[in-house]
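Visitor: here are the coordinates; sequence isn't available:
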């Protein structure tokens, strides 16, 4: 099992190559530095051809500062399947991408893109919805001008799948009996990794019912898959905290559920629910993920890597009030 996180990817960016041996585009997300010394990395975990999705891109400098705030321009090129020259005429229109701040980071409203220390600004640039018409490898070029007038441009290669490998909106949710408070023979840290350091399971409102419980009760559910202690990208903790805070405000709209990734981190043992939902056929497992499940058991929406309060609140407000 390989557990991937954004920070682990970014740590390799400056030495990464966007092409695999033989000149084929890399199967995994790849980045290359360009004008302004900025490096790009596509942080979307699953993009599927002819299916509206969410493209998110991280932009940062060699000194580990993040590009934050404002908007950037994104243009796209189809690179083909890595085996032959791409056919002509497959295009996606250029568009602008807005800054999506990690929970706890200011939105920077009105600011131009700015290089910030991680403590002062951290987030990604996103476009949603966006549809790629062909499976294979694509390149995104993110460009713009910083507040001090410095131009920047950075390329990243990424893969668009012919078919989804993970649950996506429109699918029926898996009826998973994830561990909750009181589940027999389950260590507290297997329910929430923070229990290993805090001595108790935090946010009990996220650990009272399972996904299967919510489905049986025909209750909508907002489910966050994350490992707050062991998350490589350090996005899991803030996103889990965000879901917990929303659980109080929108308790009349949905059930709120946290699924810990690891049964036993030291033994590299996954929880069954995390494996069933998130592990790809290649063995990759990337997190965090947030899924919104409707009362009829259909996945209404999903957010990989990162999600903002505004995005989740807008989705929750679309649900009817439960009586």
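Guide: On my side now, so go ahead. Source: prediction; values computed, not measured. Numbers count the residues shown, from 1 in each chain.
Visitor: tell me the first helix or strand C-terminal of the helix or strand where residue 196 lies.
Guide: Assessed by DSSP states H and E, residue 196 sits inside helix 195-198. Downstream of helix 195-198, the next assigned helix or strand under DSSP H and E is helix 211-216.
Visitor: got the contact list for that next one?
Guide: 173-178, 180, 220-221, 223, 255, 257, 259, 273, 293, 297 (C-beta atoms under 8 Å, 6 or more residues apart in numbering). Backbone N, C-alpha and C define where each C-beta goes, glycine included.
Visitor: now do the phi/psi pair for residue 181.
Guide: phi -60, psi 130 (degrees, to the nearest 10).
Visitor: residue contacts, it?
Guide: Contacts of residue 181 (C-beta under 8 Å, 6+ apart): 191, 201, 204, 207, 208.
Visitor: buried ones in stretch 110-126, by neighbour count?
Guide: Buried residues in stretch 110-126, counted by 16 or more other C-beta atoms under 10 Å: 113, 114, 115, 116, 121, 122, 123, 124, 125, 126.
Visitor: now it: how far from the chain's centre is it?
Guide: Here stretch 110-126 shows a centroid-to-chain-centroid distance of 17 Å under the convention C-alpha atoms, centre = their mean, to the nearest Å.
Visitor: residue 214 - how many residues pack around it?
Guide: For residue 214, the neighbour count with other C-beta atoms under 10 Å is 23.
Visitor: so how far is residue 204 from residue 217?
Guide: Distance, residue 217 to residue 204, by C-beta to C-beta, to the nearest Å: 18 Å.
Visitor: meant to ask about residue 139, not that
Guide: 46 Å.
Visitor: these two: which has the busier surroundings?
Guide: Neighbours were counted for residue 139 and for residue 204 using other C-beta under 10 Å; residue 139 has more, 19 against 13.
Visitor: element containing that one, please.
Guide: Under the assignment here (DSSP H and E), residue 139 is part of strand 136-145.
Visitor: that strand: what's the following helix or strand?
Guide: strand 151-160.
Visitor: elements contacting that next one?
Guide: strand 30-32, strand 38-42, strand 53-61, strand 136-145 (3 or more C-beta pairs under 8 Å, 6 or more residues apart in numbering; DSSP states H and E).
Visitor: residues of the strand holding residue 139 that come out buried?
Guide: Going by 16+ other C-beta under 10 Å, strand 136-145 has these buried residues: 136, 137, 138, 139, 140, 141, 142, 143, 144.
Visitor: partner strands of that strand, with direction?
Guide: strand 71-80 (antiparallel), strand 151-160 (antiparallel) (DSSP bridges).
Visitor: distance of residue 51 relative to residue 144?
Guide: 28 Å.
Visitor: for the stretch 201-323 of the chain, give me the ranges with low pLDDT.
Guide: Scanning the stretch 201-323 of the chain for pLDDT under 70 picks out no residues.
Visitor: between the strand holding residue 139 and strand 53-61, how many degrees?
Guide: Following axes from the mean of the first three to the mean of the last three C-alpha atoms, to 10 degrees, one obtains 50 degrees for the angle between strand 136-145 and strand 53-61.
Visitor: quick one, strand 136-145 and strand 38-42 angle?
Guide: Going by the same axes, to 10 degrees, strand 136-145 makes 140 degrees with strand 38-42.
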